[in-house]
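Participant: Generate coordinates for the sequence data below:
(one chain, ligands or ions: 1)
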Amino acid sequence: MSERFGEFVEVRRHGFVAELVLDRPKAMNAVSSAMAVSVGEACASLALDAGARVVVVSSSASRAFCVGADLKERNSFSDAELLRQRPVTRGAYGGVLELPMPVIAAVHGFALGGGFELALACDLIVADETAVVGLPEVSVGVIPGGGGTQLLPRRVGAARAAELIFSARRVEAREALEMGLVDQVVGVGGDREAALELAGRIAANSPVGLRAAKRALRVGYGLDLRAGLEVEDAAWRSVAFSGDRAEGVAAFNEKRAPQWPGE
Ligand SMILES: CCCCCCCCCCCCC/C=C/C(=O)SCCNC(=O)CCNC(=O)[C@H](O)C(C)(C)COP(=O)(O)OP(=O)(O)OC[C@H]1O[C@@H](n2cnc3c(N)ncnc32)[C@H](O)[C@@H]1OP(=O)(O)O
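Facilitator: Now for the predicted structure:
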């Protein structure tokens, strides 16, 4: 089953895994205003979809995951249009970043600028050997405005993030793995399959537990230890009396696979 969101985004279902496909291959998924709106709308729909336990963000473009903001479209923007586009951009990134379930980016080819920021907004990044990532915004007179200045340091530390953003350099798959820019590298063309396989394994776990664990990880990160432990405790309490917990404990003791109620 699949659903289109505008011309450039499709959401497909694979059991409890939803796949958000960036589908503007002729432009290497360069993110136009229309595409940003569609990404935001697709995320708003997925956020309310209890059947979507894990989301994979993939690309139909053969040479790229996403090459960032559509520089052709932006070349024609007036100052007013650029400012009007800003909330749309933030809405799209926020939509991905705030998805309540685990999100995995399947990256092949170029993931540059806003395109890599989109991958950074996901929880995990699975890349193939062709992946080339980077935040080249300062080379076109802007800055990573899709979360990159905040998300990249959280992945690789402040100094490495500074080196990548200041130099605007591209990083190929193997070095990206060593640096922690991506979490897995697979053979050429294998990123989508590997991401869907990982998503399927994660989706076999409690949806209630997955969402609570993501909340604790996201909200607690960056807090001091005491505050972080309070965030964890609140997340623990949110699942302590859930149907999923009851089913998980019962299934273990009855030596059977759990049938998660998802509540
Ligand atoms: C889905 C996300 C949801 C959120 C939405 C957010 C909106 C967007 C993000 C905004 C966030 C704010 C800050 C972010 C800013 C940016 O992202 S700035 C742009 C950063 N990206 C780049 O700098 C990459 C630019 N492209 C290149 O470096 C090269 O094109 C390449 C990708 C390395 C490929 O090179 P090569 O193989 O030599 O091919 P080319 O001839 O250069 O390109 C082929 C055609 O593709 C067009 N193209 C490439 N990139 C873009 C682009 N970013 N925008 C528009 N078009 C692009 C290129 O012009 C060629 O077109 P033709 O000449 O018509 O063939």
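Participant: hmm, who's touching the helix or strand containing residue 218?
Facilitator: Per DSSP states H and E, residue 218 falls inside helix 207-220. The contact list for helix 207-220 (C-beta atoms under 8 Å, 6 or more residues apart in numbering) reads 16, 50, 53-54, 100-102, 123, 202, 227-229, 231-232, 235-236, 238-239, 242-245, 248, 260, 262-263. Heads up, the C-betas are built off the backbone N, CA and C, glycines and all.
Participant: Show me where the stretch 51-200 of the chain has its strands.
Facilitator: Assigned by DSSP state E, counting those that start in this stretch, the stretch 51-200 of the chain shows strands spanning 54-59, 64-66, 103-107, 110-112, 124-128, 132-134, 171-172, 184-186.
Participant: If you count contacts, what does the last one end up packed against?
Facilitator: Packed against strand 184-186, as judged by 3 or more C-beta pairs under 8 Å, 6 or more residues apart in numbering; DSSP states H and E, are the following elements: strand 124-128, helix 173-179, helix 191-203.
Participant: Out of the ones you listed, which one sits most buried?
Facilitator: strand 124-128 (a mean of 26; mean count of other C-beta atoms under 10 Å).
Participant: Report the strands that pair with it, each with its relative direction.
Facilitator: Applying DSSP bridges, strand 124-128 is found paired with strand 103-107 (parallel), strand 184-186 (parallel).
Participant: Ranking these by mean neighbour count, which comes first?
Facilitator: strand 103-107 (a mean of 29).
Participant: Get me the contact residues on the stretch 101-250 of the chain for the ligand.
Facilitator: 110, 112-114, 118, 136-137, 140, 142, 144-146 (C-beta under 6 Å from any ligand atom).
Participant: Perfect, I'm done here.
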